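K.L.:
predicted model follows, preceded by the sequence.
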Amino acid sequence: MIQPDLPERGPYGLAARLPPRLVRSAAAARRWAFDAALAAAVIAAEIGSSYGAMSWHQKHVAPGILAYLILAAGGAALLARRRYPVAVLAVTLVSALWANRLGGVGLVWLALVVAFFNAVLARKRAAAIASLVIGYVASLWPPWRIGQPGHSSVTGALGLAAGLMFMLFVAELIRSRSQRAAALARSRDEELRRLASQERMRMARDLHDVVAHNISVINVQANTALHLMDRQPERARSALTTINDVSKQALVELRSVLGVLRDVDAQAGERAPRAPAPGLARLGDLIENAAAAGLGVRIDEDGQPGPLPADVDLAAYRIVQEALTNSARHSGGANAIVRLGYGDDALRVEVSDDGTSRPPGRSAAQATGSGHGIAGMTERAAALGGTLEVGPGPEGGFRVRAWLPRPGRPRSGGER
C-alpha cells in the first residue's frame, strides 16, 4: 500500500514517534475490522440473493436452512484469509459447491471469488488454478453429458471456461499492480531512510566541526589566561574576551544545527540567535580564531572569486575550518596557508602548515583519513562529487587538498 504524504516535521511523521507495538496493534485492528466487514457483506449478499431468487422464481427449490448455514460458514471463513489463504479457498469452494447442490441460487459463488482473488494476491497460484479446475468440472459434472438435455450446453461450457480464464487474468493483473505499488512504497521508505541517514551524517559533521574548532580555541585561550592571570592580567583579559566571543559564535552555530531537529520558535516561544550561514565570506573569523590559538594564517586566491552554490560554499568553509583546527592542535607549526583556486568547473581548496607531517599522537591511518575530522572532510567532498587528499606537504608540514565541483558549469580536464 502506498504511503500517504508525510507531514513536514520529522522524517517519518507521527507514526515514527509512536511505540512500535502500538503502531502494529493499530494496523492489526484495522485489518481485522476490514476483514470482518468484508465477511459480513459477503454472507449478507449470498444469503439475501439466494432468498430473493427463490422468491422471484418459484421454479427454484428452496435452499433450506442447511444451505444458508453452509453459505454463512463459507463467508465467515474469509476472516482467516490473510493467514490461511489456501485453506480459506478450499472451505469456500466446498461451501459453494455444496450449497449449489442443495438448491442455492444467486451469489453463492461470491465468497469463493473473494477467496480466489485473495489466493492469487498471496502468490498461491497453484491452489487458485486448482480451484478453478475443480469448480469448473464440478459445475459441469458429469462432463461427458455436456450438450445433452437437462445439462449444460457446449456454448455454456465454453462460456464458463472463458469467464474463469478472464477472472484469472484479472486477478493476475491486480496482483501485478499490487506488487508494483508495494515495491514503490518500499522504494519510498528506503529513500526516506537514506535521506534521514544523510541528514544525521550532515548534522554530525557540522557538530564535530563547530565543537572541535571552537573548543580548541577556547582551550588554548583558557590555558593562556591561567598562565598569565597573575603576571600579565591584560593579556589574560584579552584571552578571556576571545573565549567569550568564540563561545557566542559556537552557540549560534550549534543552534543552527539543532534547529533541524526541533523548532525552537514554535515550541519554546523563544527566538534563537541568527547569523549568516557559514561560508568562505567568513574566513576572516577562522583566521582570527586561529591567530588566537597561536597559528598565523595567510590566504592566497587564484582566479576570479564568484558566487558559489550554498553546499559548495559551506563544504569549503568546513574543510578550511577543520584543517586549521588540526594544524593548531596537532601540527606544532606556527603558520598556515589557505589557497583558494576559483576555476570555471570547480573550486580548489588547499590548507598547508609548517608543522610536522603527521599530527603527534595520531597513527598513520588517522593521518591519512580515518580520523573523525578528516573522515568528515572526505565525506563532505564526496557528497558533492569531489575529492579530498591529506598527507605530508612537498616542503614538509601537513597539507589538505580538496577539489569541489561547481554544478551547472562544464568540467575541464584540469588538475583536481
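P.N.:
Ah, there it is. Residues are numbered from 1 along each chain as shown.
K.L.:
going forward, measure contacts and count neighbours with C-alpha atoms only.
P.N.:
Will do.
K.L.:
and residue 302, how many neighbours?
P.N.:
Each residue near residue 302 was counted by other CA atoms under 10 Å, and the total is 11.
K.L.:
whoops, residue 304 was the one
P.N.:
Residues lying near residue 304 (other CA under 10 Å) number 10.
K.L.:
need the contact list for it.
P.N.:
Shown in contact with residue 304 (CA atoms under 8 Å, 6 or more residues apart in numbering): 342-343.
K.L.:
sec struct for it, please.
P.N.:
coil (DSSP: H, G, I helix; E, B strand; the rest coil).
K.L.:
pretty sure residue 292 is touching residue 217, no?
P.N.:
Yes. If you go by CA atoms under 8 Å, residue 292 and residue 217 touch, sitting 6.9 Å apart.
K.L.:
for the stretch 301-416 of the chain, what spans make up the strands?
P.N.:
335-342, 346-353, 387-392, 398-405 (DSSP state E, counting those that start in this stretch).
K.L.:
the last one - what's its average pLDDT?
P.N.:
Summarised as a single mean, pLDDT over strand 398-405 is 91.
K.L.:
and that strand, what other elements does it pack with?
P.N.:
helix 310-326, strand 346-353, helix 372-383, strand 387-392 (3 or more CA pairs under 8 Å, 6 or more residues apart in numbering; DSSP states H and E).
K.L.:
which stretch among the ones you listed is buried most, on average?
P.N.:
strand 346-353 (a mean of 24; mean count of other CA atoms under 10 Å).
K.L.:
now the lengthiest helix in the chain and helix 372-383, what's the angle there?
P.N.:
Determined from DSSP state H, the single longest helix within the chain is helix 154-228. Orientation note: helix 154-228 sits at an angle of 140 degrees relative to helix 372-383 (axes from the mean of the first three to the mean of the last three CA atoms, to 10 degrees).
K.L.:
in the following helix or strand past helix 154-228, what counts as buried?
P.N.:
Using DSSP states H and E, the helix or strand that follows helix 154-228 in sequence is helix 233-258. For helix 233-258, burial by neighbour count (16 or more other CA atoms under 10 Å) applies to 235-236, 239-240, 242-243, 246-247, 249-257.
K.L.:
surely residue 83 is within a strand?
P.N.:
No. Residue 83: not assigned to a strand; according to three-state DSSP it is coil.
K.L.:
can you report how many residues lie near it?
P.N.:
Counted with other CA under 10 Å, residue 83 comes out at 10.
K.L.:
kindly report the same for residue 131.
P.N.:
Neighbours of residue 131 (other CA under 10 Å): 20.
K.L.:
residue 373 contacts residue 320, doesn't it?
P.N.:
No. In this structure residue 373 lies outside contact range of residue 320 using CA under 8 Å: 11.4 Å.
K.L.:
need the helices and strands packed on strand 398-405 in TSV with mean pLDDT, can you?
P.N.:
Output for the helices and strands packed on strand 398-405, formatted as TSV (pLDDT from 0 to 100):
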stretch	mean pLDDT
helix 310-326	86
strand 346-353	91
helix 372-383	81
strand 387-392	89
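K.L.:
so can I have TSV of those showing distance to residue 123?
P.N.:
Below are those laid out as TSV (distance: least, CA to CA, whole Å):
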stretch	distance to residue 123
helix 310-326	47
strand 346-353	53
helix 372-383	41
strand 387-392	48
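K.L.:
and the pLDDT at residue 394?
P.N.:
At residue 394, the pLDDT value in this model is 80.
K.L.:
look up the residues forming beta bridges with it.
P.N.:
Judged by DSSP bridges, the bridge partners of residue 394 are residue 396.
K.L.:
so how far is residue 400 from it?
P.N.:
Distance from residue 394 to residue 400, counting by CA to CA, to the nearest Å: 12 Å.
K.L.:
between the two, tell me which one has more neighbours.
P.N.:
Ranked by neighbour count (other CA under 10 Å), residue 394 and residue 400 place residue 400 first, with 23 against 10.
K.L.:
pretty sure the more buried one contacts residue 351?
P.N.:
Yes. Counting by CA under 8 Å, residue 351 is a contact partner of residue 400 at 5.2 Å.
K.L.:
spit out the residues that contact those two alike.
P.N.:
residue 323.
K.L.:
low pLDDT regions in the stretch 151-300 of the chain?
P.N.:
151-153, 199, 209-210, 212-213, 256-277 (pLDDT under 70).
K.L.:
pLDDT below threshold where in the stretch 1-150 of the chain?
P.N.:
Those would be 1-19, 52-63, 103-106, 143-148, 150, if you go by pLDDT under 70 across the stretch 1-150 of the chain.
K.L.:
so for residue 292 and residue 217, which residue has more residues nearby?
P.N.:
For residue 292 versus residue 217, neighbours defined as other CA under 10 Å are more numerous around residue 217 (25 against 20).
K.L.:
surely the more buried one is in contact with residue 288?
P.N.:
No. Assessed by CA under 8 Å, residue 217 is found out of contact with residue 288, at 10.1 Å.
K.L.:
hang on, isn't residue 216 packed against residue 326?
P.N.:
No. Proximity of residue 216 to residue 326 does not meet the contact threshold set by CA under 8 Å, at 9.3 Å.
K.L.:
which ones are touching the closest residue to residue 67 other than its chain neighbours?
P.N.:
Among residues not flanking residue 67 along the chain, residue 99 sits closest, at 4.9 Å (CA to CA, 6 or more residues apart in numbering). Residue 99 makes contacts with 63, 67-68, 70-71, 108, as judged by CA under 8 Å, 6+ apart.
K.L.:
roughly how far does residue 99 sit from residue 163?
P.N.:
In this view, residue 99 and residue 163 are 21 Å apart by CA to CA.
K.L.:
same question for residue 398.
P.N.:
Residue 398 is 79 Å from residue 163, where distance means CA to CA.
K.L.:
compare those two and say which is more crowded by neighbours.
P.N.:
Neighbours around residue 398 and residue 163, counted as other CA under 10 Å, are more numerous at residue 398. The numbers are 27 against 12.
K.L.:
fine by me, thanks again.
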